[in-house]
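>>> Just need the structure, nothing else, for what follows:
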Amino acid sequence: MKIRCNRILLGKVLLFLVILLVSGLGVFGCVGRGAIPKGWSGGVVADDTLFLGSMEGKLVAVNISDGSRLWPDVLLETEPTGGGFGCAPASTAVAIYGSPAVAEELVYVAGYNGKIYAFSSSSGALRWVYPRDGNLQPVVGGTVVSQGRVYFGCSDGKVYALDAETGDKEWDFPTGDKIWSTPVIDGDTLFIASFDKKLYAINAITGKGKWEFDTGGAIASTPLVYNNTIYIGSFDRYLYAVNATDGSLVWKSEVKADNWFWAKPVICNNTIYAGNLDGKVYMLNAETGDEVVDAIDLGSPISSSPVLVDDSVIIASEDGRIWAIDTSNNQKSELKNLEEKINAPLCASDGVVYVHTQKGILYDVDAQTGAVRQLYPIK
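Below is the predicted model of the structure:
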């Protein structure tokens with residue numbers, strides 16, 4: 001009976017997360033005419049320009065020196081569909097949850113409508129869209145570009161590789177459940193996690209599986225690759241280190257978190273820093289998995305992936321606070337309280353951290369002083 005109850009509870013929580021993701025699309029009711037879905041894209045900096053998806057489904061290019069736009073915001077659009085149950089047609093805007101990727105004069109964006117878009121990074125002009133006809137199931141994670149290919153995971157449980165120049169599909173690889181994780185490429189190997197509780201290693205060129213590793217829970221976070229080891233947190237509330245060559249277990253953390261690992265961890269000075277939805281940052285020895293010090297409690301869930309700036313781990317808690325953890329002594333300090341909800345992953349360049357809040361505002365925060373500038377209201 002206890003096992004059955006736990007399964008029911010987990011199912012309800014998973015359902016809540018799905019509702020949270022798609023609530024802007026009106027899953028359980030009509031979306032009002034003109035309503036806009038909400039995503040929480042992070043940013044990527046290339047050639048002094050920050051690219052990110054807005055809360056209203058637009059690709060935005062911001063000059064990070066003065067906050068001006070490189071070109072007018074580009075609205076990702078899809079064909080309008082009937083709302084069902086007598087509802088008016090839903091909005092044509094597309095929610096963007098994953099961070100864009102930039103390579104070879106193109107910006108790649110994954111839409112929750114199940115399409116991948118490639119835009120010119122200099123003009124914002126659409127180069128191609130995949131698939132040309134129809135849609136895949138929702139894409140929640142971001143894209144990654146390597147060796148002339150664009151890779152992404154999909155809610156249909158497959159990993160896709162497209163030709164980066166044309167958008168033609170080169171291969172797909174099936175897993176056992178939906179994928180919300182963003183893939184990571186190391187050499188000729190792609191690493192990605194699935195809700196089927198597994199971490200996969202796939203040949204990035206051929207699409208053939210190399211190995212798979214089982215955890216005790218679904219996985220939504222993005223893997224961290226370092227020194228031939230994959231580090232990843234699972235919904236079973238443990239962190240894992242897996243040998244990148246053969247998929248063997250290096251260690252499973254002895255400490256068990258109080259909630260799920262959602263954000264991608266970072267590493268510094270042989271220490272893994274992993275934020276958790278329980279509001280704590282866990283600090284583990286990268287070689288053994290032992291706790292270096294007791295977890296730091298930030299008092300609010302952590303779903304935003306942190307960044308490493310010099311010798312500081314910069315991390316955002318959901319309540320809007322930006323924290324710095326000094327890796328020399330693992331002491332925390334509060335850089336700034338933006339007082340706006342933060343879910344999007346952080347992005348950093350030249351000592352500045354870029355924060356995209358749920359109010360649709362883009363801030364830059366000096367990683368040393370905490371000085372804040374409002375770059376642009378991302379509408």
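>>> okay, CA-based contacts and neighbour counts for the rest of this
Fine.
>>> mind checking which helix or strand of the chain has the lowest mean pLDDT?
Sorting the helices and strands of the chain by mean pLDDT, DSSP states H and E puts helix 2-22 at the bottom, at a mean of 42.
>>> Now do the helix or strand following it: which elements does it pack against?
Using DSSP states H and E, the next helix or strand after helix 2-22 towards the C-terminus is strand 43-46. Judged by 3 or more Cα pairs under 8 Å, 6 or more residues apart in numbering; DSSP states H and E, the packing partners of strand 43-46 are strand 49-53, strand 101-103, strand 347-349.
>>> Which residues does strand 43-46 contact?
50-53, 99-102, 345-349, 354, 356 (Cα atoms under 8 Å, 6 or more residues apart in numbering).
>>> just those residues now: which is nearest Val109?
The closest of the contacts of strand 43-46 to Val109 turns out to be Pro100 (Cα to Cα; 4.9 Å).
>>> Touching, the closest one and Gly53? I think so.
Yes. The pair Pro100 / Gly53 is scored as a contact, 7.3 Å apart, by Cα atoms under 8 Å.
>>> out of these two, which sits in the busier spot?
Between Pro100 and Gly53, counting by other Cα atoms under 10 Å, Gly53 is the more crowded of the two (33 against 27).
>>> How about the more buried one: what's its closest non-neighbour residue?
Among residues not flanking Gly53 along the chain, Leu59 sits closest, at 4.7 Å (Cα to Cα, 6 or more residues apart in numbering).
>>> Kindly report the same for Ser312.
Per Cα to Cα, 6+ apart, closest to Ser312 is Asp326, 4.8 Å.
>>> Check the burial of the one you found by counting its neighbours.
15.
>>> just Trp323 next, same as before
22.
>>> OK, contacts around Asp310?
Gly351.
>>> Would you list the phi and psi of it?
For Asp310, the backbone dihedrals (degrees, to the nearest 10) come out as phi 60, psi -120.
>>> Verify the stated contact: Phe173 with Lys158.
Yes. Assessed by Cα under 8 Å, Phe173 is found in contact with Lys158 at 5.3 Å.
>>> quick one: which of those two has more around it?
Ranked by neighbour count (other Cα under 10 Å), Phe173 and Lys158 place Lys158 first, with 20 against 15.
>>> Can you name the residues that contact the residue nearest to the more buried one when sequence neighbours are not counted?
Counting by Cα to Cα, 6+ apart, Pro174 is the residue found nearest to Lys158 once chain neighbours are left out, at 4.4 Å. Each residue near Pro174 by Cα under 8 Å, 6+ apart is listed here: 157-159.
>>> Can I get these in TSV including secondary structure, pLDDT and distance to Val45?
Listed next are the contacts of Pro174 as TSV, based on DSSP: H, G, I helix; E, B strand; the rest coil; pLDDT from 0 to 100; distance: Cα to Cα, whole Å:
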residue	secondary structure	pLDDT	distance to Val45
Gly157	coil	98	29
Lys158	strand	98	28
Val159	strand	98	25
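>>> Return the closest of the residues you listed with respect to Thr206.
Val159 (12.2 Å).
>>> How much space separates the closest one from Tyr200?
10 Å (Cα to Cα, to the nearest Å).
>>> More neighbours: these two, which one.
Each of Val159 and Tyr200 has its neighbours counted (other Cα under 10 Å); Val159 has more, 25 against 21.
>>> beta partners for the more buried one?
Gly153, Phe173 (DSSP bridges).
>>> from what I can see it touches Phe152, true?
Yes. Contact criterion Cα under 8 Å: Val159 and Phe152 qualify, at 5.8 Å.
>>> which residues does Ser234 contact?
197, 215-221, 240, 260-262.
>>> With pLDDT and secondary structure added, can I get those residues in a markdown table?
Output for those, formatted as a markdown table (pLDDT from 0 to 100; DSSP: H, G, I helix; E, B strand; the rest coil):
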| residue | pLDDT | secondary structure |
| --- | --- | --- |
| Lys197 | 98 | coil |
| Thr215 | 97 | coil |
| Gly216 | 96 | coil |
| Gly217 | 97 | coil |
| Ala218 | 97 | coil |
| Ile219 | 98 | coil |
| Ala220 | 96 | coil |
| Ser221 | 96 | coil |
| Tyr240 | 98 | strand |
| Trp260 | 97 | coil |
| Phe261 | 97 | coil |
| Trp262 | 95 | coil |
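>>> List buried members of these by neighbour count.
197, 215, 217-221, 240, 260-262 (16 or more other Cα atoms under 10 Å).
>>> Tabulate those (CSV), appending distance to Ala286.
Listed next are those as CSV, based on distance: Cα to Cα, whole Å:
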residue, distance to Ala286
Lys197, 22
Thr215, 18
Gly217, 21
Ala218, 22
Ile219, 20
Ala220, 21
Ser221, 18
Tyr240, 10
Trp260, 20
Phe261, 17
Trp262, 19
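>>> State the phi and psi torsions of the residue nearest to Glu105 when sequence neighbours are not counted.
Leaving aside its chain neighbours, Glu105 sits nearest to Ser121 (5.3 Å; criterion: Cα to Cα, 6+ apart). Main-chain dihedrals, Ser121, degrees, to the nearest 10: phi -70, psi -20.
>>> Ok, Asn270 next?
Here Asn270 shows phi and psi, under degrees, to the nearest 10, equal to phi 60, psi 20.
>>> Tell me the confidence at Ser65?
pLDDT, Ser65: 89.
>>> I'd assumed Leu50 was in contact with it.
No. Between Ser65 and Leu50 there is no contact under Cα under 8 Å: 10.1 Å.
>>> Compare the two and say which one has the larger neighbour count.
With other Cα under 10 Å as the criterion, Ser65 and Leu50 differ in neighbour count, and Leu50 comes out ahead with 23 against 9.
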